[in-house]
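K.L.:
return a 3D structure for these sequence lines:
(chains A and B)
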Amino acid sequence: MPVDTLIWLLPLPPLLAFFAIMLFTHRRNGLSHGLAIGAVTLSWLGSLVVFWRALQAQDLAEHPWGAQLNWIPTGNTWLQIGTQVDPLTVVTLFFVAWTILMIFIYSVGYHNYGQPRGALDRPGLPPQGAEIQDGHGHRHRVPSVEPMYARFFALISLFAFAMYLLVVSDNLLTLYIGWEVMGLCSYLLIGFWYARESARNAAVKAFLTTRVGDVFMLLGLAALYTLTGSLNYRAILGNPQILEVLATTASPIAGVSWAALIGLLLFAGTVGKSAQFPLHIWLPDAMEGPTPVSAMIHAATMVSAGVYLMIRFFPLLAAGWLPGQPLTLPMTAMAAIGAFTALFAATIGLVQRDIKRVLAYSTISQLGYMIAALGIGAYVAATFHLVTHAFFKALLFLASGSVIHGMEHGVYHSGEHLDAQDMLNMGGLRHKMPWTFWTFLAGGLSLAGFPLVTAGFWSKDEILASAFESNLLVFIVLGVAALLTAFYTMRQITLVFLGKPRSAAAAHAHESRPVMLVPLVVLAVFAMAAGWVGVPHYFPVLGGQLPNWFGAFVGSMLGHEGELGHAVFTPTPLMVSIVASLGGLFLGWWVYRTQQDRLQDVLARPLGGLYRLLEHKYYVDEFYQAVFIRPALWVAEVFFYRWLDLGLIDGILHGLARVGVAVGNLFREVIDRPVINGAGDALAEGTRDVGVRLRVLQPGRLQVYLLLALVAVILIGLAFFYYVGMV
Amino acid sequence: MSFPILSAIVLTPLLAGLILLCLPAERRDWVRRIALAASVLVLGLSFWLYLDYDTGVGGYQFIERHPWLPDLGISYALGVDGFSLPMVLLGALVLFSGVLVSWNVEERPREFFAFMMFLATSILGVFVSLDLFLLFFFFEIAVFPKYLMIVLWGYPKTRDYGGMKLTLYLFIGSMLALVGALALYFNSGLRTFDLLALEKAGFPVAFQRFWFPFVFLGFAILGGIFPFHSWAPDGHVAAPTAISMLLAGVEMKVGAFAALRVGIMLLPEGAAFWSPLILALATINVVYGAAIAMVQTDFKYVIGFSSVSHMGLVLIGFASLNREGLMGAGLQMFSHGVMTALFFAIVGMVYDRAHTRDIPALGGLVRVMPWAAIGFIIAGLVSMGMPGFSGFIAEFPVFLGAWQRAPWVAVIAVLGIIITSAYILLVVRRVFFGDMPVALEERVGDVSRKDKGVIFLLSAIMILLGWFPSLLTPLVESGVRHILALVGGA
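P.N.:
This is a model prediction of the structure:
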């Protein structure tokens, strides 16, 4: 099959699976997940073929593969939808294909396929467990199958379609379509257990917050299309003249070029989608969704799409910039927001007790790393971290889902009422769940950047090295964030797996089924090994032993002059990287090894007010509520609706009506009665009868209204005549 | 001479209405069947029209022309172009859906269906008229069925007020438009009401600038332009379900369409001169309507104000006076018509079963009426401009066009997108999810099979159009080409 056709076909199988499940098989669980997994397996296979072919291709960056299709005709230019595969697409496709497939397989176990139905289960609530009787007549409570099992697979299939579409797209329009469809799936899947109020609220919050970013992005699209007449990547980004013109023409905003303005607008879309400050608030709440959703949408793929957009549009964001020169405005914004978010989210992550929320803040923080890296021009490093992060963060989420499952198992056994996601209720799980422990450890160490053996180390080190060269402030902020990351990671590992169980449920936790463990192992391999493809050639001892394939492959996207890599080795960033990682890990273990209390974190008392500030996430939600949401509602409700609409606009109408009635009465008193009434009583008598009968049909004042309308029209007409006459 | 398909489309409902009025009142079955047959016939003919229209040739097709009052230059002239054809299709669709959801009207069904048919004739007539006088004639006769249906079958608490307000605004608009139309007639020196002739009349610029607001605003009032929009929510809410569907779904398009055809197409210089003001008013429409929709507690008022907001996008598209804007406006008229008809149909279904439209008193309806919930969500996604649904392919070009004309319009109007998402999601969350109040438990049941048919039909059209915009875009584009030739836009 020609590779162009194959690329078209990548997104389609999951879409077909979505429709097939929704329309035909939604009552049959096994068939539904078979269809969904079969579909993403096809896409996965196709992606690997594309990947394999791309490895052998010459000059893929210069001559990407692709095909076009006309979709919305807009006159002479067509808004085309099409596909394009270049090195960036290839590496993105690689991690997307693997994580999606693994998460699909994992979902079978996570939603308890093959278990009995629970008596209390109903759609919209997580399964509550079922009672079964074994051969000896003992009653056990066991996990029950998810009531909306098939629907879950339908929705994640639709999501997979949108993600593939986004990745293979060759233009902003198709990217935006995939982007929005993913947003919709995210909304539907966060609110999957819609009978829980928290899930409903989280879903709405996620959708609306990302929408704020999306509308800026839409404006960016409109501006770009107006200026260039196209939304195609190659037509815009592959054309140095267009970039040059955009970078040198002033936009309506003083001192900002069009390239910078469009860059900022697109970046606003990323801020929403990749949950960067100040639009980060939705992602932690999004943990209300089932864990595979958190792993896929809110860690590996959808939130990565925001970073992908920035990487894709790097030539525009950096238009007019050369390494060593002052950063462009969008780059400065990215460096500032990215670095700030990396640190900000890491501090909140320190005090979270929910196992998934720690990971959520960690995701925000790591995405901030990538954005910051891109902001300082570290194109390859940002892409590298995007790939490694997708693997180890998906792994961590899936492993945490396995932990929660194990804890729920324990809860069924012990009958306690406790939050199965609260890490303070756990402890000592390494004995009960060894597979989960070792894979979680792999992911955690990778996240913490444990030197040499983890993928996260290589990508993070590269970002730190670039930052050290170009911007010391960014370097310091990211370095501190790296320390905090290692700290909260080890805190999590210590609280969950080490020490002794702090609840009966934890003592009776149970390892998950193989269908959940196999994806963990596969992802753990990537979380460890994915870094070896990008070992920089200057690295002591190891450098040059392995070819820096990633750097060369992705770096070719920037053309020949764009080799932004740093050629010389400097020991400082490497030392910082290693010290932050090992130091943070040690501290995390050292502080939490003594945690015994199930109610309070050991740091809560020593940190006091600071702890509470972090616990309340710096009161950002409360701030938005007070500053944006309540005033907006007030304006809508009181100003627009009560004052303007009901008060002024309707008031004028009602006032006119009242004047009309008064005038009518006046006519009647002054002219009608004395003059005309006298003339013909008989006629008046007849008229009144008709009038009374009309009154039944029409409540009376219509004629008056109409008369008034005529008067108003004449008055407006006269005023208008003078106005235009003067123009 | 070929078969006069346009006359057949316009006159079928009229004929059916007259037949209905001649039937004995107690023959309910016959009444419903005749109404359904007439609407199916109209729908079928419209679909045939859609298939038979040659987009390669473009321009006005299926033209019929008979002298009516030759001394005054008035003729019975019909024809459709790429812009009006989707409107005819929309009118036929909503009529058909309206008949189905009104199947169980208890109160005087004979008159109900007859008036509905008269309204349909008036609506379809405006879309296919090629004569200014004829267009006005059709435009005006709508007032009788509209007013009577609201006052007689409407929501008892507000029907008198709503009906009166709607009629009043319509008359104010008509008078403005009529004055303008007469000015066109006398000034052209052609002594004709023929729209095609008037298009080429070449009115002086000063004349165009002066008279454009009369004509445009006069018609646009029925399109819900700010600050003359307030008839719309009150009127929609007061009307019975099928009439809300027709009013918001099609009548508002009649206003916008006439404003385009008579205002912009006959007085293009005037349109260019006044477009900043129209853009400003329409932008207010978008944001203001959405903001008010967000704080409504009456389910039906939410949708009523959302129509005000969405019609703003149509007007923005018109006033952009460029290819993208006009394309978007044409698509948005169709898309919004289908969407809002579905919205009102579902609101009606909910009200018929729950006997309340108070949002806090509703909840958890997804469990008992899943079809209604899914239909509402689909319509909601259309109104948010979600890709994969018709709203996206309509709103996206509108924003492109607006940015080209005046970026600030796009910047402010996108706020409408956020607010729209907010009110749609909040309503979905409260009405269809959440906990069902105990009071509703026993009395709310699932929707009927005919209701499901309507939900399926309208949803399917919006999804189909979202995936395959080329079902409609070549058609609309051929209409836009003609308009652009008149306004001289790029």
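
K.L.:
who does whichever strand or helix holds residue A:496 touch, helix- and strand-wise?
P.N.:
Applying DSSP states H and E as the criterion places residue A:496 in helix A:472-497. Applying 3 or more CB pairs under 8 Å, 6 or more residues apart in numbering or on different chains; DSSP states H and E, one finds that helix A:472-497 contacts helix A:329-349, helix A:355-375, helix A:429-432, helix A:434-448, helix A:455-470, helix A:571-592. Heads up, the C-betas are built off the backbone N, CA and C, glycines and all.

K.L.:
what about the chain, any weak spots by pLDDT?
P.N.:
Picked chain A for this. In the predicted model, chain A carries pLDDT under 70 at residues A:1, A:70, A:72-79, A:559-568, A:671-714, A:716-727.

K.L.:
switch to chain B, that's the one I care about
P.N.:
Those would be B:1, B:489-490, if you go by pLDDT under 70 across chain B.

K.L.:
center of it - which residue?
P.N.:
residue B:250 (2.4 Å; CA atoms, centre = their mean).

K.L.:
and stretch B:204-214, how far from the chain's centre?
P.N.:
When distances are taken as CA atoms, centre = their mean, to the nearest Å, stretch B:204-214 is centred 27 Å away from the chain's centroid.

K.L.:
of all the residues in it, which ones are buried?
P.N.:
Buried residues in stretch B:204-214, counted by 16 or more other CB atoms under 10 Å in any protein chain shown: B:207-214.

K.L.:
got it, and stretch A:248-263?
P.N.:
Buried, per 16+ other CB under 10 Å, within stretch A:248-263: A:251, A:256-263.

K.L.:
mind listing residues that contact that stretch?
P.N.:
Contact with stretch A:248-263 is made by A:220, A:223-224, A:227, A:243, A:246-247, A:264, A:313, A:316-317, A:319-320, A:328-330, B:407, as judged by CB atoms under 8 Å, 6 or more residues apart in numbering or on different chains.

K.L.:
and stretch A:103-113, by the same measure?
P.N.:
A:29-30, A:33, A:36-37, A:40, A:127, A:143-146, A:149, A:152-153, A:156, A:160, A:290-292, A:295-296, A:300, A:394, A:398, A:401, A:405, A:512-516, A:518-520.

K.L.:
ok, so what distance separates the closest residue to residue A:437 other than its chain neighbours from residue A:352?
P.N.:
Among residues not flanking residue A:437 along the chain, residue A:430 sits closest, at 4.2 Å (CB to CB, 6 or more residues apart in numbering or on different chains). Per CB to CB, to the nearest Å, residue A:430 is found 21 Å from residue A:352.

K.L.:
neighbour count winner among those two?
P.N.:
Set side by side, residue A:430 and residue A:352 show more neighbours around residue A:352, with 25 against 17, by other CB atoms under 10 Å in any protein chain shown.

K.L.:
pretty sure the more buried one is touching residue A:364, no?
P.N.:
No: in this structure, residue A:352 is not within contact of residue A:364 by CB atoms under 8 Å, at 11.6 Å.

K.L.:
what do those two both touch?
P.N.:
residue A:284.

K.L.:
what sits against residue 149?
P.N.:
The chain I'm using is chain A. A:29, A:32-33, A:111, A:113.

K.L.:
looking at chain B here, not the other one
P.N.:
Counting by CB under 8 Å, 6+ apart, residue B:149 has contacts B:112, B:115-116, B:119, B:239-240, B:243.

K.L.:
what does residue A:454 give?
P.N.:
Neighbours of residue A:454 in contact, by CB under 8 Å, 6+ apart: A:392, A:442, A:445-446, A:448, A:527-528, A:531.

K.L.:
let's see it at 6 Å
P.N.:
A:445-446, A:528 (CB atoms under 6 Å, 6 or more residues apart in numbering or on different chains).

K.L.:
who wins for most neighbours among those residues?
P.N.:
Neighbour max across those (other CB under 10 Å) = residue A:446, 31 neighbours.

K.L.:
quick one: contacts for it?
P.N.:
Counted by CB under 6 Å, 6+ apart, residue A:446 has contacts A:392, A:454-456, A:527.

K.L.:
from those residues, pick the one nearest residue A:632.
P.N.:
Among those, residue A:392 lies closest to residue A:632 (CB to CB), at 39.1 Å.
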